[in-house]
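**Q** A predicted structure for the sequence below; I have some questions about it.
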Amino acid sequence: MASLLAGREHVPNLTLLGTATHGPFRFFGLGGNLLPNLLGDDAPIDGGRGKIHATARDLSALLDSARPRVPGEVRVLVTHVSPGKAPLVSLLAEALDVDLTVSGHMGSPYGCVWDDFAIREPAEAEARLAAAASAFPEELRQRLPAPAVGEGRARWYRGTFHVNLPDAPDGHAVAEFREGRLRLETVSAGLPLRG
């Protein structure tokens, strides 16, 4: 990984995403699992047992990269794990003021798109964010903006959409910004019927 990040090695069809801008899209990338008990560990880039996990340093760099929002900008947080499984992703999405999160597979052959409003009451969603914030190391917690709360109208609650992708052979999603509107199309290879 270190050689890939430094540009000393190249793998065809592999793109490493940190932060980047392409057209109206501003991307924030965070690799590896988000394991609250390991955030404080400064682990080597390959993690333990061949798995990568994010560290407090990674999260700090991600927060540092979030310059003020530009009008017309579409912010996208790309992570390995879904905010549905890891509340820390929801907290980062709120702190970065993103419009979309895109995460890797969750085992389903179908992609799914959802927001917190669709699956949680406001108090439950707010409590989930507060619990995620308490898992952050203190130095990171102090850098987070106070979440907007109240009556379920906060942008992170009703305006940040989460896209969970299937494995690549099973489907994909395409986001497009046209005429001032963000369009999203998901495609699935389908689920074989039980016979």
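**A** Yes, it's here. Numbering: from 1, shown residues only.

**Q** where do the helices sit along the chain?
**A** Ranges of helices within the chain are 2-6, 56-64, 87-96, 116-119, 122-135, 138-141, 155-158, based on DSSP state H.

**Q** Single out the most deeply packed of those helices.
**A** Most buried of these, by mean neighbour count (mean count of other C-beta atoms under 10 Å): helix 87-96, with a mean of 24. Just so you know, the C-beta spots here come from the backbone N, C-alpha and C atoms, and that holds for glycine as well.

**Q** Show residues contacting it.
**A** The contact list for helix 87-96 (C-beta atoms under 8 Å, 6 or more residues apart in numbering) reads 28, 30, 34, 36, 59, 62-63, 66, 75, 77, 79, 81-83, 101, 103, 116, 128-129, 131-133, 135-136, 144-145, 147-148, 154, 156, 160, 162.

**Q** one step back: show me the one of the helices of the chain that comes nearest Leu193.
**A** Nearest to Leu193, of all those, is helix 116-119, at 27.4 Å by C-beta to C-beta.

**Q** Looking at the helices of the chain, spot the one closest to Tyr110.
**A** So among these, helix 116-119 is nearest, using C-beta to C-beta, at 15.7 Å.

**Q** Give me the packing partners of the closest one, helices and strands only.
**A** For helix 116-119, the packing partners by 3 or more C-beta pairs under 8 Å, 6 or more residues apart in numbering; DSSP states H and E come out as helix 155-158.
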